[in-house]
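> just need the structure, nothing else, for what follows:
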Amino acid sequence: MIRKLHINNYKSLHDLTLEVGRFNVFIGENGCGKSNLLEAIALAAAAAADKLDNEFLRSRGIRATKPQLMRSAFNNESLQEPVKIGVGFDGLEQLIHFKLNNDNQAYGKWTKLEDGLSTLIPKFLQMANAEKGAEVQLRNIEHEFIETYLTRGRVFSSLNDVKKSILQFAIETMKYNEDQAQKYLERSLVFANNLDKLKNFIIYSPENTALRNFYKEGQIEPLGINGEGLLKLLKVIQNKSPEQRQEIHSSLQLFDWYAELEIPKDLSASEDKVTITDRYLTMAFDQRSANEGFLFVLFYIALMVSDDTPKIFAIDNIDTSLNPKLCTKLIKELIRLAKKYDKQVFVTTHNPAILDGIDLGDDEQRLLVVSRNKQGHTRYKRITLEDKPRSSTNEELKLSEAFLRGYLGGLPKGF
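Numbers count the residues shown, from 1 in each chain. Have a look, this model is predicted:
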């Protein structure tokens, strides 16, 4: 799971460091940089996966524009400087750094600025043979080995091959004893596991047309950024996991009229619909007749419970098409599912009711107010339980009310 981010020179994110939890809600006025934060994570994910072509960036939900406009255009120098994104994971002290550049030409591509494997290996040996007193030096060796061998360097035939290689490196090059080498192996595998999760990061912005018509599958499977591929994913869940299928059914009871959802079982069937039963009606209907909010919630629940969807992802404007009271209940449900199915989620919203679904007493739930300072740089403030405002009569205010009153920040200041 991602625990820390450092973003430099990406759009409005001139130089920003933030700490995050399992479920993160970003609020703030239009244009303050909420979506830019999500895009920076997606850009790091694309770099980790070595897929930096604009087509792939767009399929992740990044608004890929002129390379100059994807940098912090606060001065002319920044238009030539690389974008730098550092990502820190659970249980690991160091950030993994992605340094990306573009030559600003008409058909220029984003590339990673980094030393190749052939130049890094001698550096490992040189550092390992140096005086062994400095812990910082040893951590640097570890970091570079993990980053190189497990992400871009050698191709391993099996997990056991990976483990043997790491242990051999730790004992022979690092001069670790067996216990130290085993701990080093455990940290390395934690890093590799987290990096794999990062590589699949996507910003979802579901759209009514894609959800209603099931007309195509996304460029990225199992779900495209607008909801493409939902029918196939539901079929997979239906055949693969009765527990997940029941979870979807239970969560859809957020709608008091809902009775049943029938999903086709045959993956190869041409049938392009699900059947929905309304407990008040004598006839069932398919997704083309369903209300928009129901389809959005169906998408979110399938995204949360499936083993095939990303472990780390974002949803931009999660409140779209949803009743305010439903927003509050939905967030509570998504947080429950995030914990149960080990998902890390980043969402943006403009609906105050979303905030009432957050428990500020739970450190894994983060409310982050995004704004821009006098220089135009994006900044943020985390709202903790101690920050929760109270009324003039010392009564506890709902977060939605505190937001609308301006106590949390994140509202326009010009009117």
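> and residue 138, what pLDDT?
Turning to residue 138, the model gives it a pLDDT of 54.
> same question, residue 343
Confidence score, pLDDT, at residue 343: 98.
> now for the longest helix along the chain, which elements pack on it?
Identified as the longest helix of the chain according to DSSP state H is helix 178-199. If contacts are counted by 3 or more C-beta pairs under 8 Å, 6 or more residues apart in numbering; DSSP states H and E, helix 178-199 sits against helix 34-48, strand 83-89, helix 135-149, helix 159-168. For glycine as for every other residue, the C-beta is placed from the backbone atoms N, C-alpha and C.
> show me where the protein dips below the pLDDT cut-off.
114-158, 215-216, 218, 267-270 (pLDDT under 70).
> in it, which residue is closest to the centre?
Closest residue to the average C-alpha location of the chain: residue 313 at 3.0 Å, with C-alpha atoms, centre = their mean.
> follow-up on the earlier one: distance between the helix or strand just after the longest helix of the chain and the chain's centre?
Counting by DSSP states H and E, the element after helix 178-199 in chain order, helix or strand, is strand 203-204. Centroid separation for strand 203-204 versus its chain: 8 Å, with C-alpha atoms, centre = their mean, to the nearest Å.
> and for stretch 373-385?
Distance, centroid of stretch 373-385 to centroid of chain: 20 Å (C-alpha atoms, centre = their mean).
> identify the residues contacting it?
Contacts to stretch 373-385, defined as C-beta atoms under 8 Å, 6 or more residues apart in numbering, come from residues 12-16, 18-19, 26, 32-33, 36-37, 72, 74, 360-361, 366-372, 399, 408-409.
> buried among those residues? Make that a PyMOL selection.
Those of these that count as buried under 16 or more other C-beta atoms under 10 Å are selected in PyMOL with:
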select buried, resi 12+13+14+16+18+26+32+33+36+37+72+360+366+367+368+369+370+371+372+399+408+409
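> out of the contacts of stretch 373-385, list just those in strands.
13-16, 18-19, 26, 366-372 (DSSP state E).
> and residue 97, that one's in a helix?
No. Assignment of residue 97 by DSSP: H, G, I helix; E, B strand; the rest coil gives strand, placing it outside any helix.
> ok, what's across the strand from it?
On the basis of DSSP bridges, residue 97 is bridged to residue 86.
> how close does it get to residue 395?
Noted for residue 97: a distance of 47 Å to residue 395, by C-beta to C-beta, to the nearest Å.
> okay, these two: which has more neighbours?
Neighbours were tallied for residue 97 and for residue 395 using other C-beta atoms under 10 Å; the higher tally belongs to residue 97 (16 against 7).
> hmm, residue 248 is touching residue 303, no?
No. Contact criterion C-beta atoms under 8 Å: residue 248 and residue 303 do not qualify, at 10.6 Å.
> between those two, who's got more neighbours?
The neighbour comparison of residue 248 against residue 303 (other C-beta under 10 Å) goes to residue 303, with 25 against 21.
> so which strand or helix has that one?
Judged by DSSP H and E, residue 303 forms part of helix 292-305.
> swap in residue 81?
Per DSSP H and E, there is no helix or strand for residue 81.
> correct me if wrong: it contacts residue 9.
Yes. In this structure, residue 81 is within contact of residue 9 by C-beta under 8 Å, at 5.4 Å.
> show me where the stretch 201-350 of the chain has its helices.
With helices called from DSSP state H, counting those that start in this stretch, the stretch 201-350 of the chain shows them at 208-213, 230-240, 242-251, 292-305, 324-340.
> check which residues of the last one are buried.
Within helix 324-340, the residues that count as buried by 16+ other C-beta under 10 Å are 326, 327, 328, 329, 330, 331, 333, 334, 335, 337, 338.
> now residue 321, nearest residue through space, not along the chain?
For residue 321, ignoring the flanking residues on the chain, the nearest one in space by C-beta to C-beta, 6 or more residues apart in numbering is residue 292 at 4.4 Å.
> with residue 354 instead?
Computed as C-beta to C-beta, 6+ apart, the closest residue to residue 354 that is not its neighbour in sequence is residue 327, at 4.9 Å.
> with residue 319 instead?
residue 351 (3.6 Å).
> the one you found touches residue 328, doesn't it?
No. At 9.3 Å, residue 351 does not count as touching residue 328 under the criterion of C-beta under 8 Å.
> burial check on residue 228, number of neighbours?
For residue 228, the count of nearby residues is 25 (other C-beta under 10 Å).
> and what of residue 180?
Residue 180, neighbours per other C-beta under 10 Å, totals 14.
> residue contacts, the nearest residue to it once chain neighbours are set aside?
The shortest distance from residue 180 to any non-neighbouring residue, by C-beta to C-beta, 6+ apart, is to residue 170 (7.0 Å). With contacts defined as C-beta under 8 Å, 6+ apart, residue 170 is in contact with 176, 180, 181, 184, 185.
> mind checking how far the residue nearest to the last one when sequence neighbours are not counted is from residue 183?
Using C-beta to C-beta, 6+ apart and skipping residues adjacent in sequence, the residue nearest residue 185 is residue 166, 5.0 Å away. Residue 166 sits 11 Å away from residue 183, taking C-beta to C-beta as the criterion.
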